[in-house]
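Participant: sequence first, then the predicted structure, then my questions.
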Amino acid sequence: MMFLEFFIWGAWFVTLGTFLSQNLNASELEKANVFSTQSLGAIIAPFIIGLIADKYFNAERIFGTLHLIGAFLMYQMYNAPDVSAFYPYVLAYMILYMPTLSLANAISFRQMINPEKEFSTIRVFGTVGWIVAGLSISYLFKWDTGAGLLKNTFLMAAVASLVLGLFSFTLPKTPPVKRDTTESSSISEMLGLNALKLLGNKNFLVFFISSILICIPLAFYYQYANQFLSEIGLANPTGKMTIGQISEAFFLLLLPVFFSRFGFKNTIMLGMLAWAVRYLLFAYGNAGELAYMLIIGIALHGICYDFFFVSGQIYTDARAGEKYKSSAQGLITLATYGVGQLIGFWVAGLVSEYYKTNPTGDHFWQNVWLVPAGIAAVVLFLFAVFFRNEKATVNG
């Protein structure tokens, strides 16, 4: 289940920007509009989980149904002749896919005796699935070599979604959790808004704002990294981007060491610094003698993601206390994958549109990457100045 869940996402999302550019001749703002569907899905997902899945249906059944519908939508995306036809399907798909991330975790947790120890060994198969998808695109099928072959990624994702949808109905039964009749899940609780009280703490407020702002550089990577590597002529760009997922798994193991040795503030600042360094490497590297700069930039993904986002989840858990643990995680997810990346995708689109209409020689990609590098550096500076060092209790 976990392998296929992330295989499907990695099978088409990594190369989406390149596909939109090469196959559908999408403008920069049209790309931003398409990528924004992920954020819209993340915002809507809690309603699907909280109002439907948690109350009325077995998790594995709604999980399977969403993937079966997703297979149809993927096939329609495969057949879409232009962006205007493509957009409604990708929007509907993301609204249905994003809830499956929570459902996959819920199905897993309900079958475990000790989730803290068991879940990581299950979740790592998701990372493996993403890596296999990228390697398949570059080295097995060679779809990222041009000539419009990238549309086949949607067909591959559709088949995988169909398989997972059918397989889901064989998963262990995961019925809704019976709640006390006096309990009620308000919309504010589902969206994590109950945890807004935590923003009264200055440190948490600084972290919360930083989390939203750092998602702007993150969106540049999702939206343009594959297209950039393809256009400058790096061989097998999708396969090489899987180095980022391998790095993510590796640095996740090192995270507790950094936490205990350097503390939360320094660890998260290292994550922010990695974003700035990564984009500087992208800005000044090339596919020739400086290709190693691009590879290092990709490999920094582990530090970029783990040291900021995973550290942030741990910090949020420590600051929230028992009463607001789930609400606080929901709030951070809404702020980052919802609001932060929604802003980021549009900023990325506007920046690239600006440099396309105001060209400065052959420096288009260099100009584009210097913007998120600068944003990450500013967020790092503000966090360093306004966040007071503290000892967070880390569980597990």
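Facilitator: Looks like it came in fine.

Participant: looking at it, Thr100 is touching His67, isn't it?
Facilitator: Yes - with contact defined as CB atoms under 8 Å, Thr100 counts as touching His67 (6.6 Å). All C-beta spots, glycine's among them, are computed from the backbone N, C-alpha and C.

Participant: could I have the host helix or strand of Tyr78 exported to PDB, CA atoms only?
Facilitator: Using DSSP states H and E, Tyr78 sits in helix 59-79. C-alpha atoms of helix 59-79 as PDB (Å, rounded to 0.1, in the frame of the first residue of the first chain):
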ATOM      1  CA  ALA A  59     -10.800   3.800   5.900                       C
ATOM      2  CA  GLU A  60      -9.600   1.200   3.500                       C
ATOM      3  CA  ARG A  61     -12.900   1.400   1.500                       C
ATOM      4  CA  ILE A  62     -12.800   5.100   1.000                       C
ATOM      5  CA  PHE A  63      -9.100   4.900   0.300                       C
ATOM      6  CA  GLY A  64      -9.700   2.300  -2.400                       C
ATOM      7  CA  THR A  65     -12.600   4.300  -3.900                       C
ATOM      8  CA  LEU A  66     -10.600   7.500  -4.100                       C
ATOM      9  CA  HIS A  67      -7.800   5.700  -5.900                       C
ATOM     10  CA  LEU A  68     -10.200   4.000  -8.400                       C
ATOM     11  CA  ILE A  69     -11.700   7.400  -9.200                       C
ATOM     12  CA  GLY A  70      -8.200   8.800  -9.300                       C
ATOM     13  CA  ALA A  71      -7.200   6.200 -12.000                       C
ATOM     14  CA  PHE A  72     -10.000   7.500 -14.200                       C
ATOM     15  CA  LEU A  73      -8.900  11.100 -13.700                       C
ATOM     16  CA  MET A  74      -5.300  10.200 -14.400                       C
ATOM     17  CA  TYR A  75      -6.400   8.600 -17.700                       C
ATOM     18  CA  GLN A  76      -8.300  11.800 -18.600                       C
ATOM     19  CA  MET A  77      -5.100  13.800 -17.800                       C
ATOM     20  CA  TYR A  78      -3.200  11.500 -20.200                       C
ATOM     21  CA  ASN A  79      -5.700  12.300 -23.000                       C
END
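
Participant: contact partners of it?
Facilitator: 8, 12, 52-53, 86, 89-90, 92-93, 96-97, 99-100, 103-104, 106-107, 110, 151-152, 154-155, 157-159, 161-162, 164-169, 171-176 (CB atoms under 8 Å, 6 or more residues apart in numbering).

Participant: taking these, please make a ChimeraX selection of just the buried ones.
Facilitator: Filtering the contacts of helix 59-79 down to the buried ones (16 or more other CB atoms under 10 Å) takes a single ChimeraX command:
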select :8,12,53,86,89,90,92,93,96,97,99,100,103,104,106,107,151,152,154,155,157,158,161,162,164,165,168,171,174
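
Participant: for the nearest residue to Ala133 once chain neighbours are set aside, grab the count of nearby residues.
Facilitator: Take Ala133 and drop its neighbours on the chain: the residue closest to it by CB to CB, 6 or more residues apart in numbering is Gly10, 3.7 Å away. Residues lying near Gly10 (other CB atoms under 10 Å) number 28.

Participant: now do the contacts for Ile48.
Facilitator: By CB under 8 Å, 6+ apart, the neighbours of Ile48 are 95-96, 99.

Participant: now do the buried residues in the helix or strand containing it.
Facilitator: Ile48 belongs to helix 28-48 when assigned by DSSP H and E. Neighbour-count burial for helix 28-48, counted by 16+ other CB under 10 Å, picks out 28, 30-39, 41-46, 48.

Participant: what does stretch 258-266 give?
Facilitator: 258-259, 264-265.

Participant: what is the orientation angle of the helix or strand harbouring Met94 with helix 59-79?
Facilitator: Following DSSP H and E, one finds Met94 within helix 83-110. Interaxial angle, helix 83-110 versus helix 59-79 (axes from the mean of the first three to the mean of the last three CA atoms, to 10 degrees): 160 degrees.
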